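In: What would the 3D arrangement of this be:
(2 chains)
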Amino acid sequence: MSEDNATPPAQNEQDEPTSTPVLEPGYTYASVTDKISAITLSRGTPSGWWIGFGLAFLLVMVLLFAITYLLAVGIGIWGVNIPVAWGFAIVNFVWWIGIGHAGTLISAILLLLRQQWRTSINRFAEAMTLFAVACAGLFPILHLGRPWYFYWLIPYPNTMGIWPQFRSPLVWDFFAVSTYGTVSLLFWYIGLIPDLATLRDRSQNRVGRVIYGILAMGWRGAARHWHRYEMAYLLLAGLATPLVVSVHSIVSFDFAVALVPGWHSTIFPPYFVAGAIYSGFAMVMTIAIPVRAFYHLEDFITLRHLRNMAMIMLATGLMVGYGYLMETFMAWYSGNGYEIFMQRNRMLGPYAPIYWIMLTCNVLMPQALWFRRARESVPLLFIIALIVNAGMWMERFTIVVTSLHRDFLPSAWGMYYPTIWDWATFIGTIGLFAALLFLFLRFLPMISIFEMRELVSETEGGQDSQVRETTA
Amino acid sequence: MSPTRAPAQTSLYGLLAAFTTPEALLEATRHARRAGYRRLEAYTPFPVEGLAEALDFRQTHIPLVVLLGGLVGGVGGYVLQYWINVIDYPLNVGGRPLHSWPAFIPVTFELTILIAALAAVFGMLALNGLPMPYHPLFNVPRFASVTRDGFFLCIEARDPIFDRAETRRFLESLGAYEVAEVEP
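Out: Purely as a prediction, here's the structure:
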């Protein structure tokens, strides 16, 4: 099916070579630099930015209020209890960390595969990763009960004379998420250094020159520096590739190592990784489509980018669909009464509507992407991306809640209902994510400028060859 | 190696030649190497293929640094867990072996990646001598375009065959549209 998927664009390029390039023609090193850096330096702050940032900031206040109340009163304000002790906190944690996977995938894996189209979307996909991991990291910490002791997870010599238990998946999780956050930050910052130097050199005021100058660390584009830089960047990409696969695998161990029906399954690691990439690309699409329209970046983020992302969504969506199918099949094939009951409870129990909406959102709706017309319709892609975001959230809800609420003993069954504080914390993190993203779009180059210059030198070869003939 | 010219020349960092295309810069760098210049550096707004080789800079220690970082992270991570869970703080959980190595793999893996990535980033910065707040080249106003569309070749004054007038003539003959003197 992937071959069917790959042939239409190839034919497409032969038929109409200019219809969907990675970069619209006619750009030079200077114009590409000016257009991207102007968004940060000289175009000012559009009123739309203030409205968006203002709304996001309000939600951040909601988050801070919810967290303050939580710290004052305790996690009894949430709907979690026995038997469902994990609730929204873990649902949102897995959802956010999954979204965070697309950034590294685009930056690292597509770099190693030499996919040129990654260039104009990698920067904000990486930023999105960073902010999603920040939102994700909040939830397990808040869920601890006494969040101010979260540092007990770090193995450090302490006066209590105790150490973390390294045979616990929750400790693995701590190492996986903090490593992922750190490596994503390094990857993002390393990519930013040459662009920060551009902003330093093009900034019109002293404050900008000083701040961007400090952040650029004196980068001056020396050939030897570039050589080491490229080597370090390539190796980082090589390190981040197994890392991105390991992180969601380890998150899935939180479930798979437990004995709860519906969790104790070997399909979890690959199924979680595919789901993470799926939701991550959906989020990149959700952000890229409005941003390219608002900042008029259609020349840089072309239909080709959106179409390729749509195809990755379709492929990973099919893998996720296969995961659902196998879960159901294995429940039946195992002959285990608890597994069979769990699956029937998902489909027909009190949370059945969420299961069926999830299947509609994650499996049925993305089938539209088989059609070229759907892949080239920007509004439709945006709607499908939103639907997938919602569907993936429901998947995590299904996994966490429907497995826990009716496990082995009917006498221990119970229902889980989120409270207003669950919702406030969840919506608050969406606000935090959006607010950080707005600040990023305003103050840092949202597209990698030096990689776009590189792209100009590769794609505008026709113009350069004339110069080459005259100089040589 | 020390310049044998008049003291006036030692107060110069070097001569900076500006080019319009990466190809012209690459060609000029090769010519300069062939002419015997050794203390020279090219500056570009994006990595230009072949430029480091033209400067005869092939080997970088980055891969070795990253390998060492990965080894430290991996071995250190495993030893840390072994020492904590087997020697210093043994916990009997259902009679399972204290040294249950498969459970130690995830953290070992993550720490391998973490330390290797830190080594890649900080190793690259250290080998490049960054952060460097001041550099003589920043005194040349035109050099600001190195982060936009400027391609530069700098021959440093400490080069044994550097000569203020001769080197300037040489750089102009390579097709530079401007040659600037760089104050130290």
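
In: quick one: buried residues of the helix ranked longest in chain B?
Out: The longest helix of chain B (DSSP state H) is helix B:105-127. Across helix B:105-127, burial judged by 16 or more other Cβ atoms under 10 Å in any protein chain shown covers B:106-121, B:123-125, B:127. (Each C-beta comes from the backbone N, C-alpha and C, glycine too.)

In: now do stretch A:354-364
Out: A:354-355, A:358-359, A:361-363.

In: now swap in stretch B:67-85 and tell me
Out: B:69-70, B:72-74, B:77-78, B:80-82, B:84-85.

In: contacting residues around the residue nearest the centre of chain B?
Out: For chain B, the residue nearest the mean C-alpha position is B:Asn128 (3.6 Å; Cα atoms, centre = their mean). Neighbouring residues of B:Asn128 by Cβ atoms under 8 Å, 6 or more residues apart in numbering or on different chains: A:222, A:224-225, A:228-229.

In: related to what we said a few turns ago, ok, and which of the buried residues of helix B:105-127 reach chain A?
Out: Counting by Cβ under 8 Å from any Cβ of the partner chain, B:106-107, B:109-111, B:113-114, B:116-118, B:120-121, B:123-125, B:127 from those sit close to chain A.

In: can you tell me which two in the residues you listed are farthest apart?
Out: B:Pro106 and B:Leu127 (31.4 Å; Cβ to Cβ).

In: and stretch A:291-311, does that touch chain B?
Out: No - contact of stretch A:291-311 with chain B (Cβ under 8 Å from any Cβ) is absent, the minimum separation being 15.6 Å.

In: in that stretch, what's buried?
Out: So for stretch A:291-311, counting by 16+ other Cβ under 10 Å, buried means A:291-292, A:295, A:297, A:299-311.

In: and what of stretch B:33-40?
Out: Those would be B:37-38, B:40, for stretch B:33-40 by 16+ other Cβ under 10 Å.

In: now stretch B:163-178
Out: B:164, B:167-168, B:170-171, B:174-176.

In: Ok, stretch A:340-348 next?
Out: A:340-343, A:345-346.

In: for stretch A:179-194, same thing?
Out: Going by neighbour count (16+ other Cβ under 10 Å), the buried part of stretch A:179-194 is A:179-188, A:190-194.

In: ok now it, how far from the chain's centre?
Out: Relative to the mean C-alpha coordinate of its chain, stretch A:179-194 is positioned 15 Å out (Cα atoms, centre = their mean, to the nearest Å).

In: Same check on stretch A:85-92?
Out: 19 Å.

In: quick one: secondary structure of A:Val350?
Out: Let me fix one detail, which is that residue A:350 is Pro and not Val. coil (DSSP: H, G, I helix; E, B strand; the rest coil).

In: hmm, I was thinking of B:Leu16
Out: strand.

In: I figured it hits B:Val179, correct?
Out: Yes - in terms of Cβ atoms under 8 Å, B:Leu16 counts as a neighbour of B:Val179; the distance is 7.0 Å.

In: who has more neighbours, these two?
Out: More crowded of B:Leu16 and B:Val179, by other Cβ atoms under 10 Å in any protein chain shown: B:Leu16, with 27 against 18.
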